[in-house]
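Enquirer: coordinates only, sequence not included:
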């Protein structure tokens, strides 16, 4: 059943993501690293917990919006509050400084995620969160420093815009029921992600970031590759049915 597939998938994602951010928050790093990244550590905490709470909700209730009258919302929120406090407390044992502001950033992210999920179902929510993450990382950091070298920087641009394109395709097909055999499907699948990429680039330039032509080429390649892959997979599946 689709419910079971999505439910199991999100549980796997949660099982991988939660330990990953636990390890990340307990690796000793210098304040110089955060400064060079060009992003506040509070913003990093916010993004990490925004994703954590969203994934946790989808793992528990992958097809429903948040209903504040149901206990599972408050159970997730309570679990995140306790985990955030425990996470900060543990950091003093690995040479990092626990900060109350980091904890507040975690809780703010938890509430923000649940509010977003109050109004949006799975695919629109994933699209919104993906857009927000790409915006934050491309506009609020210095990508060439935050990602250390041009290879990891290019990998970020390719993977993020490929993922954005695939999520957009899933969302648009459910909203407008556009078939892959129609020309407007290709226009939508390539045009909207390309427009988002252009907007992100212009905003990043307005924020004083450097313009890298390689980033544009990489992102455009990802959009085309994701669209072609989605089209080919659908055709193969349809032939087998």
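Expert: Nice, I can see it. Keep in mind it's a predicted model, so treat the numbers as computed, not measured.
Enquirer: Count the residues that sit near residue 175.
Expert: 10 (other Cβ atoms under 10 Å). From N, CA and C alone the C-beta is placed, and that goes for glycine too.
Enquirer: tell me the contacts of it?
Expert: Residue 175 makes contact with no residue, according to Cβ atoms under 8 Å, 6 or more residues apart in numbering.
Enquirer: before we move on, which element is it in?
Expert: Residue 175 is part of helix 150-176 when elements are defined by DSSP states H and E.
Enquirer: what comes up buried for that helix?
Expert: Residues of helix 150-176 classed as buried: 153-154, 156-158, 160-173 (neighbour count, 16 or more other Cβ atoms under 10 Å).
Enquirer: Kindly report the same for stretch 116-127.
Expert: The neighbour-count check on stretch 116-127 (16+ other Cβ under 10 Å) flags 116, 117, 120, 122, 123, 124, 125, 126, 127 as buried.
Enquirer: Using the three-state scheme, assign residue 69.
Expert: Classification of residue 69 by DSSP: H, G, I helix; E, B strand; the rest coil places it in coil.
Enquirer: Ramachandran angles for it?
Expert: phi -90, psi -10 (degrees, to the nearest 10).
Enquirer: next one: residue 25
Expert: Torsion angles, degrees, to the nearest 10, at residue 25: phi -80, psi 0.
Enquirer: For it, which non-adjacent residue is spatially closest?
Expert: residue 87 (5.8 Å; Cβ to Cβ, 6 or more residues apart in numbering).
Enquirer: and the closest residue to residue 45 other than its chain neighbours, what element?
Expert: Distance criterion Cβ to Cβ, 6+ apart; nearest residue to residue 45, sequence neighbours excluded, is residue 105 at 4.1 Å. Counting by DSSP H and E, the element that carries residue 105 is helix 100-119.
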